[in-house]
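Peer 1: 3D, please:
(4 chains)
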Protein chains: 4
Amino acid sequence: MFAAIRRIIGRWSYQIALDQMMAIGLVLVIVSTSKSIGPEAQQIIFIVILFISACIAADFLTQLYRANLRRSSVRYLGSVAGVIDLLSALAIPAGLLIVREARDVNLFGLVWTLRYVRDDSGLILFWRVIERSQKALLSLASVFILVFLSGATLAYFFERNVQPEVFGSVPSAMWWAIVTLTTTGYGDAIPVTIWGRLLSGWVMIGGIVMFSLQAGVIATAFAEELKRRHFLHTWDLVGAVSFFQGLGAAATADIVRLLHSRDVAANTVIVSAGEPGDAMYFIVSGEVAVQLLPTPIVLGSGQFFGEMALLFGTPRSADVVATKPSVLLVLDIADFRDLAGRRPEIVNAIETEGARRRAENVALHRG
Amino acid sequence: MFAAIRRIIGRWSYQIALDQMMAIGLVLVIVSTSKSIGPEAQQIIFIVILFISACIAADFLTQLYRANLRRSSVRYLGSVAGVIDLLSALAIPAGLLIVREARDVNLFGLVWTLRYVRDDSGLILFWRVIERSQKALLSLASVFILVFLSGATLAYFFERNVQPEVFGSVPSAMWWAIVTLTTTGYGDAIPVTIWGRLLSGWVMIGGIVMFSLQAGVIATAFAEELKRRHFLHTWDLVGAVSFFQGLGAAATADIVRLLHSRDVAANTVIVSAGEPGDAMYFIVSGEVAVQLLPTPIVLGSGQFFGEMALLFGTPRSADVVATKPSVLLVLDIADFRDLAGRRPEIVNAIETEGARRRAENVALHRG
Amino acid sequence: MFAAIRRIIGRWSYQIALDQMMAIGLVLVIVSTSKSIGPEAQQIIFIVILFISACIAADFLTQLYRANLRRSSVRYLGSVAGVIDLLSALAIPAGLLIVREARDVNLFGLVWTLRYVRDDSGLILFWRVIERSQKALLSLASVFILVFLSGATLAYFFERNVQPEVFGSVPSAMWWAIVTLTTTGYGDAIPVTIWGRLLSGWVMIGGIVMFSLQAGVIATAFAEELKRRHFLHTWDLVGAVSFFQGLGAAATADIVRLLHSRDVAANTVIVSAGEPGDAMYFIVSGEVAVQLLPTPIVLGSGQFFGEMALLFGTPRSADVVATKPSVLLVLDIADFRDLAGRRPEIVNAIETEGARRRAENVALHRG
Amino acid sequence: MFAAIRRIIGRWSYQIALDQMMAIGLVLVIVSTSKSIGPEAQQIIFIVILFISACIAADFLTQLYRANLRRSSVRYLGSVAGVIDLLSALAIPAGLLIVREARDVNLFGLVWTLRYVRDDSGLILFWRVIERSQKALLSLASVFILVFLSGATLAYFFERNVQPEVFGSVPSAMWWAIVTLTTTGYGDAIPVTIWGRLLSGWVMIGGIVMFSLQAGVIATAFAEELKRRHFLHTWDLVGAVSFFQGLGAAATADIVRLLHSRDVAANTVIVSAGEPGDAMYFIVSGEVAVQLLPTPIVLGSGQFFGEMALLFGTPRSADVVATKPSVLLVLDIADFRDLAGRRPEIVNAIETEGARRRAENVALHRG
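Peer 2: Residues are numbered from 1 along each chain as shown, chains lettered A, B, ... in the order given. This is a model prediction of the structure:
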């Protein structure tokens, strides 16, 4: 808890201050559209928005200046981040030129939300997923359009005489069709004829089937992309752990699938004495201390701990605390047992290395 | 059926009586908010609630006293169970201090529901799943917020002049946006302009896609966590069966994935003579009797039965009844055949051991 | 097309006539509740229903008599089918005793729908799936109840003063809660306060997440159960094909996963000359004729065809027509290639056997 | 961007012109049903529709004539494409015969949408998926009908006295049942009795469970079918790459699963110098140039590039540009590493071949 707060403060910087100001600004923009906000409050909000806009513009110029020092200003302006920074800086000035009312000028501040997703991998991930599954999605889209158009046209045929104001034209019936296909069902366009209702039933079921197929396609592609990212990220971390460097490519590819990375702040208790052991840890970077008496054992990058509890099913024998901010690779007990079955040589190596280290430590303590 | 009832009665205890009283209390609390309940009924309910609250407080003090005897009272108070017990005991007294009306005091009794999930692994499982998939969920959340904010703002632009009372501010439009993104569609905020309707269609489809991605991420993590738990649980049970102890780590990890555990009460008929055999059973603990003539064969912990029907495709040759409450590991016929393909040595061992036991039994019966 | 019609007629029997009468009866029952049906039509419907009920009773007695001849009448009455037959026979008589109006008596005929699912594996499958995944579903149910109760209670708190007629008690608010959690959104109970709306948003999202988790759990269990059934069904069919009998258990388990069964009526064209080959076929039972000149080659149970197109990528060399109703096992081209990688010995055996058969046929034709 | 436009123009043809005319026609048909379109505009639209209809008829006759030249006119008329072409040509003439109002004649033009899905594999895919999973879907359908009928009948019982105009007959209650089962919730039929509301809750939950099971079944079958198509498509492409021809069937089946195909237009930059390498490429057809100094190296069909960055983790050493429209097979870095583990011989062959080619190039440049 304290570590988390310390970490947050530690990361605090000029960029984060800007992000927080923008967040306040966005809340103010949204609030300012409310009618219960009086003209004085509106004025104050407007001034705050102008101030934040100035800060964003200053940030853009600073970044551009820095990029210029690195002779990469063109590259910065051409990058996604650069374009978003420029748009954010120009949003309020553009608003001032285009619209008159202060309330509407504020709304241009919503462009700032783009700055939050600028460095976020979410959108890129999303885009890659859509791109990957585009063939299947296009197939589904053609079926969707067929169902949508024929549904709307049939509803127009069935209902136009009974409800001319709601189903009086195909575009009107399309509104009913989309609301029904997505099973939203606002209730402003409801078939009343027997044929219209039979059609509705099929359109609802068809919508559920089509959207769940679409969802299935996207979710599968999303899961594959997440797995791919995890594989590449863990592969890089595994390369940094000396213990794994002796393994061949096959064993590495195998173990990479089983490991998960975990970032811990300094002074985090990773393992508590007496608890049942449910995982072992490999240190990618940083440093941990095994709290043994008389002196704790310090383990650094490339070493591992917590294997005893997995090998012998005993509770944790000592606390393990991170002495520096560390990156760990975690091997869960279920995956450890799985690994013991498929790659006994790795588990043997862990056992041997662990025994050697313990013998060494005993010698050290005696010496 | 009878066994089930006997089991339920067998488990009946002071704790269960309290759980049942709490259930009655909660129903009364909910009912008491209804206007059709007259003042006398209200008073009776209030007294019942006070009585149940006193019982819960007594239970808390008993638990605390017991914990104190074990010198673990601090640990108990610090645990999740302890905090929930304390809150449940204090709920109605706190209500008496804060609000005046008896009906509102009753509502504080809803805190008791926490006691039901105190020992339940559902919430912990849920939490672990959210934690595991948090990176992907955060990515999706950023996309969600972008769509939500831009949808609400655009709807505000398109509809504010036509429907100023419903879309008159961005916060109002946000209500429409969330009702539409989740495809709930209450129907109190419905776009009427052509642009507003086009936007609606995209917001609905976007909502379905985003929520199904989110659902896919959580459901996958949930399935993995369930599989992990099943693996660890079955592993422990397999370790208790002597037949499996000769197997190496690889074969064990393999077979653990195929087995399912099943708890049976005493006198349960596990296998009926004449039925087709669809599974074989390993006894983890307890005792079963194979109803052969002249004397039944009693099998105990570590032994197995039902393999004949799988090996030779014959119907069950005899009833098998649990004589004590037993824990069994079930190997389905489909998995048995799969195992026969991948690990013939295990199936051979089952065959040999089964033949040996049958020969022994014949000798016993003769002797 | 003709084959399909012939098949349907061929299967027509006394049982099917009863099923069709019941279907007509059920439609009449539903129609008879409509107010546009005059008293005379009602009377006619009532007489038809009575007649069908008599037929169902006669069928029950016939079945009972037949079971009695086999000395299994007690077993029949105790079985699911027997109970459903009895209930169907007694439905209308019971209705005559209990209610007065003919229209309401008819409604008892809806019990007949049970006869349609009597032999259907759908419900059994459904039941097994729920049973298998009950631990996970119970965990989710406890979370669901917590969210449902706390949602309803909070909505009651937030909205009771503003909308006393809709949110005036917790049971009333529960109606809103279930309509919102399932994202149905009828629109008869809509929060209007700011807190009520914030709560709504969370309840909607919570509902989507919980139901998709639940759906994920059930769908996964359903898929596993379907796979298990397919495995067992195909295994039995594979056992009937002589070609596969030489394979070991490992290869059998492997190939069973790749095969799909297909029932064809007599005179069905299975393979058309000149088409690209996308599958090969093993004959479980029945007979097919390869339409070669001068005389067609007749293949029977245990033989296979269509492998040439897969082995050499050539189009089909001849039509293959089923001369009797046949059961085939289909090996798709994608799975064939997969098999060629993992189990070259099977593909080699197919190649050798095919070459041998062709040589034989040439010899036959020459001779 | 330019390449894409050039490609679109390059593909432009008489067929595409017809497709575009039809698209305009369909938009006009939909618009023409709107009441804001005056009689003159209607007349113009009508004439445009007639013109497009004439073009479609001309196209049909042209195709028929061409087919006749190839002596396949009967085959063309019997094919799906032929039937759709004929229907499209006859739609408007049929409309002129059947209905009187020009606006309604236009609606027959909606038959033209079929021409868009004529060559689309989406519908065929959809059909195959439904066919494959029909057993499971029929099981679910029987459960669905049971729930639907019993839900509607019970709602009729509970609500008919309170809301005779909405729940006054079973067919009326069926409308409520389908709207509730699909969680559409229009809000025109809402139970008000306590039993009706309890029933509603179960119907909603039952609907979600059944539709997600159905969705799960279809989505799984869809994913399998897509995988099968991808396998067959990639298999054919792999057969065209000389490098893979030395591999055995097992290795081929393995690598086919890891590869993805990509079509690139001429002048597309496939790989940019300095970027991190995330994939390697095999050329199926076409030609690419590795932009090395002094002269670029030209690679043709059967060769590969981009393996250096994967083998040594270095950034791309040179731009690679497609000099002709090319079809590539892409091997992602994650899959490459996976392959290195499971099939080291393939990665070794890539390494050796790459080294040989580089040595050759150096010799060429020196010479």
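
Peer 1: and the gap between residue A:327 and residue A:216?
Peer 2: Counting by CB to CB, to the nearest Å, the gap between residue A:327 and residue A:216 amounts to 35 Å. The way it works is simple: take the backbone N, C-alpha and C, and place the C-beta from them, glycine included.

Peer 1: any stretches of the stretch 251-367 of chain A with poor pLDDT?
Peer 2: Segments of the stretch 251-367 of chain A classed as low confidence (criterion: pLDDT under 70) are A:361-367.

Peer 1: just the CA atoms of stretch A:147-166, as PDB, please.
Peer 2: What follows is stretch A:147-166 as a C-alpha-only set of coordinates in PDB (Å, rounded to 0.1, in the frame of the first residue of the first chain):
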ATOM      1  CA  VAL A 147     -30.400  -9.400 -43.200                       C
ATOM      2  CA  PHE A 148     -30.600  -5.700 -42.200                       C
ATOM      3  CA  LEU A 149     -31.900  -4.600 -45.600                       C
ATOM      4  CA  SER A 150     -34.400  -7.400 -46.100                       C
ATOM      5  CA  GLY A 151     -35.600  -7.100 -42.500                       C
ATOM      6  CA  ALA A 152     -36.200  -3.400 -42.900                       C
ATOM      7  CA  THR A 153     -37.900  -3.800 -46.300                       C
ATOM      8  CA  LEU A 154     -40.200  -6.600 -45.100                       C
ATOM      9  CA  ALA A 155     -41.100  -4.600 -41.900                       C
ATOM     10  CA  TYR A 156     -42.000  -1.600 -44.200                       C
ATOM     11  CA  PHE A 157     -44.200  -3.900 -46.200                       C
ATOM     12  CA  PHE A 158     -46.000  -5.400 -43.200                       C
ATOM     13  CA  GLU A 159     -46.400  -2.300 -41.100                       C
ATOM     14  CA  ARG A 160     -46.600   0.700 -43.400                       C
ATOM     15  CA  ASN A 161     -50.400   0.800 -43.500                       C
ATOM     16  CA  VAL A 162     -50.900   0.200 -39.800                       C
ATOM     17  CA  GLN A 163     -48.200   2.500 -38.500                       C
ATOM     18  CA  PRO A 164     -47.400   5.000 -41.300                       C
ATOM     19  CA  GLU A 165     -45.600   7.400 -39.000                       C
ATOM     20  CA  VAL A 166     -43.100   4.800 -37.800                       C
END
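
Peer 1: so between residue A:327 and residue A:216, which is more surrounded?
Peer 2: More crowded of residue A:327 and residue A:216, by other CB atoms under 10 Å in any protein chain shown: residue A:216, with 24 against 16.

Peer 1: any idea how far chain B is from that one?
Peer 2: Here residue A:216 is placed at a distance of 8 Å from chain B (CB to the nearest CB, to the nearest Å).

Peer 1: list the contacts for the nearest residue to residue A:209 once chain neighbours are set aside?
Peer 2: Counting by CB to CB, 6 or more residues apart in numbering or on different chains, residue D:218 is the residue found nearest to residue A:209 once chain neighbours are left out, at 6.2 Å. In this structure, residue D:218 makes contact with A:209, A:212-213, A:216, D:129-130, D:133, D:137, judged by CB atoms under 8 Å, 6 or more residues apart in numbering or on different chains.

Peer 1: residue A:142 contacts residue D:114, correct?
Peer 2: No: under the criterion of CB atoms under 8 Å, residue A:142 makes no contact with residue D:114, lying 11.1 Å away.

Peer 1: kindly report the domain assignment for chain A.
Peer 2: The domain map for chain A lists A:11-119, A:134-225, A:248-366, with the assignment taken from automatic domain parsing.

Peer 1: low-confidence ranges in the stretch 51-200 of chain A?
Peer 2: Where the stretch 51-200 of chain A drops to pLDDT under 70, the residues are A:118-122.

Peer 1: chain B contacts on that one?
Peer 2: Listed as neighbours of chain B in the stretch 51-200 of chain A under the rule CB under 8 Å from any CB of the partner chain: A:107, A:110, A:113, A:116-117, A:120-123, A:125-126, A:175, A:178-179, A:182-188.

Peer 1: which of the residues you listed are close to chain C?
Peer 2: Residues of those in contact with chain C (CB under 8 Å from any CB): A:184-187.

Peer 1: determine which two of these are furthest apart.
Peer 2: Largest separation among those by CB to CB: A:184 and A:187, giving 9.5 Å.

Peer 1: overlap in contacts, those two.
Peer 2: In terms of CB under 8 Å, 6+ apart, residue A:184 and residue A:187 are both contacted by the residues residue B:185.

Peer 1: quick one, what contacts the closest residue to chain C within chain A?
Peer 2: Per CB to the nearest CB, residue A:187 is where chain A lies closest to chain C, at 5.4 Å. Counting by CB under 8 Å, 6+ apart, residue A:187 touches B:185, B:187, C:186-187, D:185-188.

Peer 1: how about those, which pair is most distant?
Peer 2: Put simply, by CB to CB the two of the contacts of residue A:187 set farthest apart are B:185 and D:188, 12.8 Å from each other.

Peer 1: quick one, the longest helix along chain A and helix C:194-239 angle?
Peer 2: The single longest helix within chain A, with elements called by DSSP state H, is helix A:194-239. Orientation note: helix A:194-239 sits at an angle of 80 degrees relative to helix C:194-239 (axes from the mean of the first three to the mean of the last three CA atoms, to 10 degrees).

Peer 1: chain C contacts on chain A?
Peer 2: Proximity of chain A to chain C is assessed by CB under 8 Å from any CB, with A:184-187 identified as the residues in range.
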